[in-house]
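A.B. asks: Next comes the sequence, and after it the predicted model I'd like to discuss.
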Amino acid sequence: MRAIVQLTAQHVHEVVGQAPTGTRPAALGAAGSSAAGTVAALRAQVERVQGRRLDAPVLPVHPALASLLPGGGLRPGSAYSLPRSTSVLLALLAQPSQAGSWCGVIGMPRLGAEAAEGLGVDLSRLVLIPDPGARWLAVTSTVAEVLPVVAVRPSGRAADGEISRLAARLRDRGAVLLVQGPWPQAEAVIEVGEPTWEGVGRGHGYLSGREVTLTSSSRRWPRSRRARVMLPDAAGHVSAAPERMRPVEALPAESAESYPQLIRAVG
């Protein structure tokens, strides 16, 4: 398994103005004690490792999810509202991380690195902040200054003014925000439902995949969009669910007799 970066709330709170309780780790590359200096140093390190800035109109996502997002991908400067499904979140992070974008996950201490890697997330470009504390929004805003994709599970309500300032920061930096829960002015709202498992027979067998329906609504569309997705499939990855053929129902005998006979003898 490849390396993964994990930050504590202490490290990020130093950036947002909270007094540190210990030394700053060398991995953050801090060049000074000021908040601006720390942000600049971390941004420089990420850009140096990443090697480039992503100027594409949207960040790529898995083809099975593209139809659920306006523009077919994650639009820089926008926020998305997601269900509290770790699988959906990791499926959206997979392609951006593989394309070279660093991703941050905030407030999800139970997110597993093995599950993330199994769904395609590049762990070498994943930063975890499991416990941001009460200042989760300030931590999210600071991380959005540095990383192009930020995912957060809010631990409380946020004031409208703070949300507006975060939205302005996302637009300024071209970052994408993925929120597990409701979020105002979201580019798209994705919901998950109708799960069915494969591989289980009548009281026996092994689970080999889960099929779910993802529904996406957006202010850019007149109506919601739906996609049936394997999350995960038999290989542990995300994929489009195979189309099911509707069974042909046999015509009841009494109904067949009620139709007139159209066959007549010839000769």
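C.D. replies: On my side now, so go ahead. Numbering: from 1, shown residues only.
A.B. asks: ok, the spatially closest residue to Gly181 that is not a sequence neighbour - how many residues close by?
C.D. replies: Leaving aside its sequence neighbours, Gly181 sits nearest to Pro154 (Cβ to Cβ, 6 or more residues apart in numbering; 5.6 Å). Where you see a C-beta, it was placed from the backbone N, CA and C, and this is true even at glycine. Neighbourhood size, Pro154 [other Cβ atoms under 10 Å]: 17.
A.B. asks: Now name the helix or strand holding Pro154.
C.D. replies: Using DSSP states H and E, Pro154 is not contained in any helix or strand.
A.B. asks: wouldn't it be in contact with Trp136 here?
C.D. replies: Yes. In this structure, Pro154 is within contact of Trp136 by Cβ atoms under 8 Å, at 6.2 Å.
A.B. asks: which residue ranges form the strands in the stretch 51-200 of the chain?
C.D. replies: 79-82, 103-106, 126-129, 149-152, 176-180, 188-200 (DSSP state E, counting those that start in this stretch).
A.B. asks: Using CSV, lay out the ones you listed together with mean pLDDT.
C.D. replies: Below are these laid out as CSV (pLDDT from 0 to 100):
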stretch, mean pLDDT
strand 79-82, 96
strand 103-106, 96
strand 126-129, 94
strand 149-152, 97
strand 176-180, 97
strand 188-200, 81
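A.B. asks: With respect to Ala66, which of the ones you listed lies nearest?
C.D. replies: Of all the strands of the stretch 51-200 of the chain, it is strand 188-200 that lies closest to Ala66, at 11.8 Å by Cβ to Cβ.
A.B. asks: Give me the contacts around the closest one.
C.D. replies: 68-70, 80-83, 85, 88, 182, 205-218, 234 (Cβ atoms under 8 Å, 6 or more residues apart in numbering).
A.B. asks: gap between Ser218 and Ala79?
C.D. replies: Remark: distance between Ser218 and Ala79 (Cβ to Cβ, to the nearest Å) = 12 Å.
A.B. asks: between these two, who's got more neighbours?
C.D. replies: Taking neighbours as other Cβ under 10 Å, Ser218 and Ala79 compare with Ala79 leading, 22 against 18.
A.B. asks: If the nearest residue to that one once chain neighbours are set aside is in a bridge, with which residues?
C.D. replies: Nearest residue to Ala79, sequence neighbours excluded (Cβ to Cβ, 6+ apart): Leu177, at 4.1 Å. When assigned by DSSP bridges, Leu177 has beta-bridge partners Ala79, Val150.
A.B. asks: Verify the contact between Leu177 and Ile163 for me.
C.D. replies: No. Contact between Leu177 and Ile163 fails when scored by Cβ under 8 Å: they sit 10.3 Å apart.
A.B. asks: Mutual contacts of Ser218 and Ala79, please.
C.D. replies: By Cβ under 8 Å, 6+ apart, Ser218 and Ala79 have these common neighbours: Glu187.
A.B. asks: Would you map the helices across the chain?
C.D. replies: Assigned by DSSP state H, the helices in the chain fall at 9-16, 35-50, 63-66, 86-98, 113-118, 136-144, 160-173, 253-258.
A.B. asks: residues near Gly100, how many?
C.D. replies: Considering only other Cβ under 10 Å, Gly100 is surrounded by 16 other residues.
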